[in-house]
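**Q** model this:
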Amino acid sequence: MEATLIKEAKVLVPNKEHKNFTETNETIPEGTVINGEFKSIKGMRRGEPFSYRVFISEDGQIIYSKNIKEMKPTEVILGADGNVTPTTVDFLPAEAYKKERMIATIAGAAGAYFYAKKKGKNAMKWAAIGGVIGYVAVMVLDKSKDGVVTPSK
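**A** Numbering: from 1, shown residues only. Next up, the predicted model:
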């Protein structure tokens, strides 16, 4: 397994007399990539049974596991749909509530409401119709296009 050091780590040596580990003067710098595996080793700590979780490298170096971060494989996808070719992305659901559309809907509804109130007609029905007309008018006049995502070369 491949792992990286998240902070500077001292190499450990087993202390058979006390059934624990002792730090050496040898250190491994932060960011070093090492290969090995995690192991759980039973020992003693302050006279009590304890299980040490350590990382043992392929070179036989022992390091406390708190200094190690396991490296996970990362999948890289080139385009929005995993292809190298340009991809058209439809932003219509995300843009359904653009500011201009909301303002036109409210303005159309308010204008139709006050006009119907002045003429003595059913104001709520005309307000709903005015809101729909305002929304549709902005959708027809909206010049924004679909987004196109192109991979960089």
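**Q** This structure - how does it break down into domains?
**A** The chain breaks down by automatic domain parsing into domains covering 2-70, 87-149.
**Q** Just put the ones you listed in a markdown table and tack on mean pLDDT.
**A** Shown next, in a markdown table, are those (pLDDT from 0 to 100):
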| stretch | mean pLDDT |
| --- | --- |
| domain 2-70 | 80 |
| domain 87-149 | 77 |
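**Q** State the distance from the nearest residue to residue 5 once chain neighbours are set aside to residue 63.
**A** Among residues not flanking residue 5 along the chain, residue 32 sits closest, at 4.9 Å (C-beta to C-beta, 6 or more residues apart in numbering). C-betas here are computed from N, CA, C, even on glycine. Applying C-beta to C-beta, to the nearest Å, the value for residue 32 to residue 63 is 10 Å.
**Q** what do these two both touch?
**A** residue 5 (C-beta atoms under 8 Å, 6 or more residues apart in numbering).
**Q** between these two, who's got more neighbours?
**A** The neighbour comparison of residue 32 against residue 63 (other C-beta atoms under 10 Å) goes to residue 63, with 21 against 13.
**Q** follow-up on the earlier one: I'd guessed the residue nearest to residue 5 sits against residue 3; true?
**A** No - judged on C-beta atoms under 8 Å, residue 32 makes no contact with residue 3 at a distance of 9.4 Å.
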